[in-house]
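Student: Quick check, what structure comes out for this input:
(one chain, ligands or ions: 1)
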Amino acid sequence: MKVKDFELGIKYRKAMAIVAEGLVSPNGVTGQYYVISQSGNGRYLAATRSTFPPAGRCNCPDFKKRGGPCKHVLAAEIYEQAPANAQALARHHNISLDVLENRLVVDLAIGVRDQNTANALMVLLDGCRRLKAAGQ
Ligand SMILES: [Zn+2]
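Tutor: Next up is the predicted model:
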């Protein structure tokens, strides 16, 4: 297991929670999003990795200290890639949120998923989470 991949998996879990809590909003510039701090430190400006390769960009302490992508960059990417049809897809496949989430974290941890696949799964997860929140 690669430690870095495992850490990325953990960050994805945190990023999912950020998106699910509605803390991400667009700032009007393509690829850039405001992400409200979960620890009460105001909001950060996060840019996706496709906008600022290879690690994205964020003005949070974690990014400054350890580099990216931080959970805010990942949350921005999930938000950007979560289209309405992700919900329809999730409904169609009737995928259990917990099963999918656990599988994704494990897959990232053992390195069997690349980042693009992980991103696609994140979109699906977000759809599942919204469905669950809507009681469907
Ligand atoms: Zn950040």
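Student: Need the distance between the two termini of stretch 15-35.
Tutor: Looking at stretch 15-35, the gap from its leading to its trailing residue is 10 Å under the measure Cα to Cα, to the nearest Å.
Student: Can you read off the pLDDT for K65?
Tutor: The per-residue pLDDT reported for K65 equals 95.
Student: Residue numbers of this structure in contact with the ion?
Tutor: On the criterion Cβ under 5 Å from the ion, the ion has as its neighbours in the chain the residues 58, 60, 63, 70, 72. From N, CA and C alone the C-beta is placed, and that goes for glycine too.
Student: Next step: these restricted to helices.
Tutor: Using DSSP state H to define helices, the subset of these located there is 63, 72.
Student: Dump the residues of the chain next to the ion to a markdown table, plus neighbour count.
Tutor: Shown next, in a markdown table, are the residues of the chain next to the ion (neighbours: other Cβ atoms under 10 Å):
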| residue | neighbour count |
| --- | --- |
| C58 | 26 |
| C60 | 20 |
| F63 | 20 |
| C70 | 27 |
| H72 | 33 |
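Student: For Q38, state which of the residues of the chain next to the ion is nearest.
Tutor: Distances from the residues of the chain next to the ion to Q38 were compared by Cβ to Cβ; the smallest belongs to H72, at 9.7 Å.
Student: Mind putting the residues of the chain next to the ion into CSV with distance to N119?
Tutor: Conversion of the residues of the chain next to the ion to CSV gives the following (distance: Cβ to Cβ, whole Å):
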residue, distance to N119
C58, 17
C60, 20
F63, 19
C70, 16
H72, 15
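Student: among the residues of the chain next to the ion, which two are most distant?
Tutor: In terms of Cβ to Cβ, the residues of the chain next to the ion reach their longest pairwise distance at F63 and H72, which sit 7.5 Å apart.
Student: Show me which helix or strand of this structure is least confident by mean pLDDT.
Tutor: Considering only helices and strands, the least confidently modelled element of the chain by mean pLDDT, DSSP states H and E is helix 85-93, at a mean of 42.
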